[in-house]
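J.: next come a sequence and a model predicted from it.
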Amino acid sequence: MLAPLSWLKEYVTITLPPKKLGDRLTEVGLGTEKIHTTKEDTVFDLEITPNRPDLLSIIGVAREVAAIEQKKLNFPKLKTNLKPTAPILPLKIKTNYEINPRFTAIIIDGITVKESPLWLKKRLEQMGQRTINNIVDITNYVMLELGNPLHAFDYHKIKGNSMTVALSKGGESYKSVDGIMYHLPENAVIIKDTEGVIDLCGIKGGYSSGTFNDTKTIVIRVPVEIPSLIRKTSQRLSLRSEASSIFERGVNKGGTTETLKRAVDLIVELAGGKIASELYDFKKQEFEPTPLKLRLERLHFVLGIEIATKTVLEILTNLNLSPKLVGKDTIETTIPTYRNDLKIEEDLLEEVARLYGYNNFPKTLPQGQISTYPIPYFKDYKIDEKIKNILKASNFSEVFTYSLISSKELQLVEIKSDSVLRVDNPVSRDFEYLRPTLKANLLKALIQNKANFKEVNLFELGKVYIGKSIDKAKEEYHLSGISNSKNYYEIKGIIEKILKDSNGTGIQSKIEVVDDGIYFEINYTNLLENLNSKNKYKTFHPLPKYPALVEDMSLIVPQNVQTGTIIDAIKNQSSLIKEVTLLDTYEDSKTFHIVYQSNDKNLTSSEVSEIRDKFVNTLEKKYTIHLKST
């Protein structure tokens, strides 16, 4: 969305310099991609999120600027009252509220189609639009200004003076206003006269009813379209326009009359003419502002900060939400029809937060307890990496193969096809069955690779599918490998290493000889289920606040006393002994590294001395261990 600064200044007093204004717009959610500055003007290139179609207009951006600057919005007063000032011209309109919730239109007679004035052409060029004639340029200008797309039809080209809104049947020929032929898809929203399609609603006008130099009477239509219908048609035709981009996100349903008045004012001023019909405004319901409440207690709880009630009211007022404080805790607001994104209380919370400024929130660290239990469907990929690294270190390479295999591959591993799951509509006979084992694919990989490599060592960790009926089948992870260079005992050693390092016990595994290799398989799901609980989960302990006292101690140890026994004996004397490790051994002397630490305070030398005396006495009495003299 391009927003010239000079155009914005017509509606709001701006005191911030362009760079600062761009930064503030970004802070409140309008990403400022670029600021184009020339001698004459500054243009903001804004990135608008899909939930804010109101910002696809200059007046929408001006409202945000007014809220930032805490100023009032000044929109030009509309002159017309949309009352007829010329003889009434006949027009039959038939619409369908299910596909066209609102149809607002009026007829203007006696216009002169000509070149637009310089100011209008310059403004459209700033917005990346090409100018055509004063009528088309006005419709584009008002769409960019107010955000509601509108279209001008040549009244005298509407056959039978009849306009019917309907859905296309599919295949209809349609010539757009720029002369391009289309074949319409099914369920495109169209307008027909008595002879054919004259408008592809919400996307592009028709050539047969377009506004050209000879046009004297026009029908100006401002509709409300169904976003999903416009989007589907636009995608099927690969045809997008400024109007379709707005309609796809949802227009201001309550703004069609105001848009029409603005267009009529400019047309009468720049093209002449008089109103030659009553206002056509077909709608099933009134589109009025809606009430929405905000609880201050909820606001403070969600945001995590206290914002003064006066500040909250000012922010909501600046956003034109007409807030009123009801009681001590509740604010009642009125949501304008152009803010389609404000539907629930949390939307109002976000409005307050973004205008208050996220940078004004205090910087705090997250608080709370870290869960010692995994979330549902948690998978610890560190275990996978640990086991894969063992295999890679053993000169195996990892492969990834398809989960779908053929009946020939099942025969290769002597499995009957009627005992495994089959896909009802396979894309190919090569991908017909869900694999019950990784063996078939690994055998195939071995055959394909042995022609180019003397040694082939491959493994795969992947899903297999056990069972022949969908209601009784189950998924399992298997870890399988194949080698033409390693013997039985080497493979056995690798499997034992995997099970030992993963603390796996009672795990299903097998090794078998195949053509030109030796093959192995481990039930990996079974391995994960039987992991030692200490290996499954890790508990986070915060770093200690108080420093440790460290000392190295040499002991004379009898030959029959094991090191582990000494370490346990020392640790058991006090919870303040956090770590005991063996540093060195020389003849009958062993040196231990001992760490003392408290979670509550700094330890003194006397406290450490008391603990030391206690375990030295214990070692001497139980194991005849003595301190080594210096």
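T.: Perfect, thanks for sending it. Residues are numbered from 1 along each chain as shown.
J.: only C-alpha atoms from now on, for both contacts and neighbour counts.
T.: Noted.
J.: residue 512: neighbour count?
T.: Neighbourhood size, residue 512 [other C-alpha atoms under 10 Å]: 11.
J.: which residues does it contact?
T.: Residue 512 makes contact with 518-520, according to C-alpha atoms under 8 Å, 6 or more residues apart in numbering.
J.: which SS class is it?
T.: At residue 512, secondary structure determined by DSSP: H, G, I helix; E, B strand; the rest coil is strand.
J.: do you know the pLDDT at it?
T.: pLDDT recorded at residue 512 is 84.
J.: bridged to it, which residues?
T.: Beta-bridge partners recorded for residue 512 (DSSP bridges): residue 519.
J.: what about the helices in the stretch 151-300 of the chain?
T.: For the stretch 151-300 of the chain, the helices defined by DSSP state H, counting those that start in this stretch occupy 227-237, 242-249, 256-271, 296-303.
J.: ok, the stretch 1-150 of the chain next?
T.: Per DSSP H, counting those that start in this stretch, the stretch 1-150 of the chain carries helices over the ranges 5-8, 18-27, 58-69, 118-126, 134-146.
J.: related to what we said a few turns ago, of the helices of the stretch 151-300 of the chain, which is nearest residue 35?
T.: Among those, helix 242-249 comes nearest to residue 35, with 21.2 Å by C-alpha to C-alpha.
J.: hmm, back to that, for residue 107, which of the helices of the stretch 1-150 of the chain is the nearest?
T.: That would be helix 134-146 among the helices of the stretch 1-150 of the chain, by C-alpha to C-alpha, at 13.1 Å.
J.: who does residue 590 form a beta bridge with?
T.: Here residue 590 shows beta-bridge partners residue 555, residue 585, assigned using DSSP bridges.
J.: okay, now the unreliable bits of the stretch 401-550 of the chain?
T.: The stretch 401-550 of the chain contains residues with pLDDT under 70 at 503-508, 531-541.
J.: domain assignment for the chain?
T.: Domains of the chain are assigned by automatic domain parsing as 2-69, 92-283, 291-359, 381-535, 549-627.
J.: that older thread, would CSV of the contacts of residue 512 with neighbour count be doable?
T.: Shown next, in CSV, are those (neighbours: other C-alpha atoms under 10 Å):
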residue, neighbour count
518, 19
519, 25
520, 21
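J.: returning to that earlier point: among the helices of the stretch 151-300 of the chain, which is the most enclosed?
T.: Mean neighbour count (mean count of other C-alpha atoms under 10 Å) peaks for helix 242-249 among these, with a mean of 22.
J.: give me the contact list for it.
T.: 50-53, 56, 143, 147-149, 202-203, 224-228, 230-231, 234.
J.: at 7 Å what do you get?
T.: Here helix 242-249 makes contact (C-alpha atoms under 7 Å, 6 or more residues apart in numbering) with 50, 53, 149, 202-203, 225, 227-228, 230-231.
J.: okay, now stretch 365-384: how far is its last residue from its first?
T.: Taking C-alpha to C-alpha, to the nearest Å, the first and last residues of stretch 365-384 lie 32 Å apart.
J.: report the buried residues of that stretch.
T.: Residues of stretch 365-384 include none that count as buried (16 or more other C-alpha atoms under 10 Å).
J.: what of stretch 461-478?
T.: For stretch 461-478, burial by neighbour count (16+ other C-alpha under 10 Å) applies to 461-466, 468, 476-478.
J.: for stretch 14-21, same thing?
T.: Along stretch 14-21, these residues count as buried under the neighbour rule (16+ other C-alpha under 10 Å): 14, 18, 21.
J.: OK, contacts around the last one?
T.: So the one you mean is residue 21. Contacts of residue 21 were listed using C-alpha under 7 Å, 6+ apart, and none were found.
J.: show me where the stretch 201-350 of the chain has strands.
T.: Assigned by DSSP state E, counting those that start in this stretch, the stretch 201-350 of the chain shows strands spanning 204-205, 217-224, 274-275, 280-283, 290-295, 324-326, 330-335.
J.: chain center to the first one, what's the gap?
T.: Spelled out, that is strand 204-205. Chain-centre distance of strand 204-205: 33 Å, with C-alpha atoms, centre = their mean, to the nearest Å.
J.: which stretches of the stretch 501-630 of the chain form helices?
T.: 524-529, 533-536, 563-571, 605-623.
J.: okay, the last one in CSV with CA atoms only?
T.: Output for helix 605-623, consisting of C-alpha atoms alone and laid out as CSV, is shown next (Å, rounded to 0.1, in the frame of the first residue of the first chain):
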residue,chain,number,x,y,z
SER,A,605,36.5,-22.4,56.0
SER,A,606,35.5,-23.7,59.4
GLU,A,607,32.3,-25.3,58.0
VAL,A,608,34.3,-27.1,55.3
SER,A,609,37.0,-28.2,57.9
GLU,A,610,34.2,-29.7,60.0
ILE,A,611,32.9,-31.7,57.0
ARG,A,612,36.4,-32.8,56.1
ASP,A,613,37.2,-34.0,59.6
LYS,A,614,34.0,-36.0,59.6
PHE,A,615,34.7,-38.0,56.4
VAL,A,616,38.4,-38.4,57.1
ASN,A,617,37.5,-40.1,60.5
THR,A,618,35.0,-42.3,58.8
LEU,A,619,37.5,-43.4,56.1
GLU,A,620,40.1,-44.2,58.7
LYS,A,621,37.8,-46.2,60.9
LYS,A,622,36.0,-48.2,58.2
TYR,A,623,38.7,-48.7,55.6
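J.: and that helix with helix 563-571, angle?
T.: Going by axes from the mean of the first three to the mean of the last three C-alpha atoms, to 10 degrees, helix 605-623 is angled at 140 degrees with respect to helix 563-571.
J.: tell me how far helix 605-623 is from the chain's mean position?
T.: Helix 605-623 has its C-alpha centroid displaced from the chain centroid by 61 Å (C-alpha atoms, centre = their mean).
J.: quick one: the residue lying closest to residue 390 once chain neighbours are set aside and residue 386, what's the gap?
T.: Leaving aside its chain neighbours, residue 390 sits nearest to residue 498 (7.0 Å; criterion: C-alpha to C-alpha, 6 or more residues apart in numbering). From residue 498 across to residue 386, the span is 9 Å (C-alpha to C-alpha).
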